[in-house]
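> Output the structure for:
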Amino acid sequence: MRLLRLRLFDYRNFHRLDFSPGPGASVLVGANAQGKTNLLESAYLLATMRELRVETEAQIIRWQVVEDAIPVARVVGEAETTAGALKLEVAVVGRQGSNGLVASKTVKVNGVPKRLSDAVGRLTAVMFTAADIDLITGTPSSRRRYIDITLSQVDRGYVSARSRLERVIAQRNHLLKRIREGLARRDELAFWDAELARDGGYLFAVRAVALSELALLAAEAHASLAPTEELRLEYRPQLEGRAPDSLSNAAAAAEAYEQALRRGISRDVAAGMTLQGPHRDDIAFFLGGMPASGFASRAQQRTIALALRLAEARLLHSRRGEPPLLLLDDILSEMDAGRARSVIEAVSDYDQLLVTATEVDRFPRQFLDRANVFSVDAGAIAPLSAPAYR
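Okay, the predicted model is just below:
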């Protein structure tokens with residue numbers, strides 16, 4: 001899988017951009033706030049249909065056009081995949097609401113309008129950013145979001161089951177509150193429990209299998225980045241202390257979940273919410289046997305996060321039969337020379353890689369000799385010849 005061309009229209013700080021990254025590594029160099037990260041995020045949007053670093057979708061529309069009659073941001077990508085040529089077009093259209101600008105998103109695949117869920121994963125991508133430290137130190141919701149985005153790129157059934165699960169939990173929680181207030185009966189939960197168990201069992205099973213594979217891949221990737229430190233990843237399903245390997249079969253996981261829901265009715269009613277299920281899962285990281293969130297340094301945490309992203313790339317490759325686009329934002333920040341060298345060695349031979357930096361001299365000469373190097377300045381991109389950065 002290779003991104004051949006990326007065009008941006010009024011996307012973040014880009015007015016117009018037509019960029020062809022080419023195979024192998026493309027290094028994007030520039031000062032902060034020039035658009036390097038925005039460029040990577042636009043490619044990631046094409047793969048996942050999700051925006052990063054925003055509170056609302058409207059925030060990706062270039063601020064100079066938000067007062068237009070119909071402000072629009074567009075991202076268009078052309079790619080080469082094993083399935084053939086691919087063209088993805090994402091448009092975010094804004095309109096003035098009572099509390100400011102609001103937006104809606106549409107997508108076309110090879111010129112045909114599609115639902116967002118049907119467009120996810122047509123192009124696959126893995127993105128590493130400085131915010132990935134939150135995967136180690138942040139809330140469980142950030143880690144659930146990570147695994148959801150990863151699996152949504154390779155499993156359409158997962159996307160549908162996750163969407164239904166959210167709706168059923170909302171309905172069940174509403175009913176639980178009514179039961180607590182004496183306005184509904186407990187036996188009314190049976191229908192919602194069956195619905196929740198079906199999709200929840202599927203999510204438990206898919207996550208258990210994927211995270212078992214990711215744990216091995218992440219440990220291998222981490223060993224190549226930091227040979228003296230041992231990484232362990234642990235999936236923690238929120239289901240009566242069940243071990244992950246007991247949930248790898250969807251039917252068995254669904255049965256176990258439905259039984260757990262019935263046994264936990266009193267607790268759920270008292271809380272007014274569903275206390276067990278995939279919506280409360282977590283992932284734990286251990287470095288040298290110690291919790292990485294509390295004992296690892298920031299450089300170690302960045303290395304763990306990168307190892308997880310490299311493992312994700314290998315998982316997507318194995319599931320799809322072709323490597324994803326690898327997007328690395330300011331990857332060498334806060335790393336010493338030895339760790340930075342190991343990182344570059346780990347990604348040097350990747351099929352297609354976009355990597356950003358504020359200074360080109362952080363990269364080894366051998367890496368730059370094989371890479372395409374571009375400057376990014378105020379939303380404009382230009383190729384740099386070797387004499388310009390040597």
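
> where does the stretch 251-390 of the chain dip in pLDDT?
Counting by pLDDT under 70, the ranges of the stretch 251-390 of the chain that qualify are 387-390.

> Would you map the helices across it?
265-271, 292-295, 298-320, 337-347, 365-370, 386-389 (DSSP state H, counting those that start in this stretch).

> will you turn the ones you listed into CSV that also has distance to Gly121 and mean neighbour count?
In this view, the C-beta of every residue, glycine as well, is placed from N, C-alpha and C. Output for the helices of the stretch 251-390 of the chain, formatted as CSV (distance: least, CB to CB, whole Å; neighbours: other CB atoms under 10 Å):
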stretch, distance to Gly121, mean neighbour count
helix 265-271, 34, 14
helix 292-295, 29, 16
helix 298-320, 8, 22
helix 337-347, 22, 16
helix 365-370, 29, 12
helix 386-389, 36, 11
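
> Would you reformat the ones you listed as JSON lines and include distance to Asp68?
Putting the helices of the stretch 251-390 of the chain into JSON lines (distance: least, CB to CB, whole Å) gives the following:
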{"stretch": "helix 265-271", "distance to Asp68": "47"}
{"stretch": "helix 292-295", "distance to Asp68": "45"}
{"stretch": "helix 298-320", "distance to Asp68": "37"}
{"stretch": "helix 337-347", "distance to Asp68": "40"}
{"stretch": "helix 365-370", "distance to Asp68": "41"}
{"stretch": "helix 386-389", "distance to Asp68": "37"}
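
> For Ile147, find the nearest of those helices.
Across the helices of the stretch 251-390 of the chain, Ile147 has its closest neighbour in helix 298-320 (9.3 Å, CB to CB).

> tell me the angle of that closest one relative to helix 337-347?
10 degrees (axes from the mean of the first three to the mean of the last three CA atoms, to 10 degrees).

> Convert helix 298-320 to PDB, retaining C-alpha atoms only.
Extracted as PDB, the C-alpha positions of helix 298-320 are listed here (Å, rounded to 0.1, in the frame of the first residue of the first chain):
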ATOM      1  CA  ARG A 298       9.600  10.000  29.500                       C
ATOM      2  CA  ALA A 299      12.200   8.700  27.000                       C
ATOM      3  CA  GLN A 300      11.400   5.100  28.000                       C
ATOM      4  CA  GLN A 301       7.600   5.800  27.700                       C
ATOM      5  CA  ARG A 302       8.100   7.300  24.200                       C
ATOM      6  CA  THR A 303      10.100   4.100  23.300                       C
ATOM      7  CA  ILE A 304       7.300   1.900  24.600                       C
ATOM      8  CA  ALA A 305       4.700   4.000  22.600                       C
ATOM      9  CA  LEU A 306       6.800   3.700  19.500                       C
ATOM     10  CA  ALA A 307       7.200  -0.100  20.000                       C
ATOM     11  CA  LEU A 308       3.400  -0.300  20.200                       C
ATOM     12  CA  ARG A 309       3.000   1.600  17.000                       C
ATOM     13  CA  LEU A 310       5.500  -0.500  15.200                       C
ATOM     14  CA  ALA A 311       3.700  -3.600  16.500                       C
ATOM     15  CA  GLU A 312       0.500  -2.100  15.200                       C
ATOM     16  CA  ALA A 313       2.000  -1.700  11.800                       C
ATOM     17  CA  ARG A 314       3.100  -5.300  11.700                       C
ATOM     18  CA  LEU A 315      -0.400  -6.400  12.800                       C
ATOM     19  CA  LEU A 316      -2.000  -4.400  10.100                       C
ATOM     20  CA  HIS A 317       0.500  -5.800   7.600                       C
ATOM     21  CA  SER A 318      -0.300  -9.400   8.600                       C
ATOM     22  CA  ARG A 319      -4.100  -8.900   8.600                       C
ATOM     23  CA  ARG A 320      -4.200  -7.000   5.300                       C
END
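
> Looking at the helices of the stretch 251-390 of the chain, spot the one closest to Ala219.
Per CB to CB, nearest to Ala219 of those: helix 298-320, 7.9 Å.

> Where do the strands of the stretch 101-250 of the chain begin and end?
112-114, 125-128, 231-236 (DSSP state E, counting those that start in this stretch).

> among the ones you listed, which is the most enclosed?
strand 125-128 (a mean of 25; mean count of other CB atoms under 10 Å).
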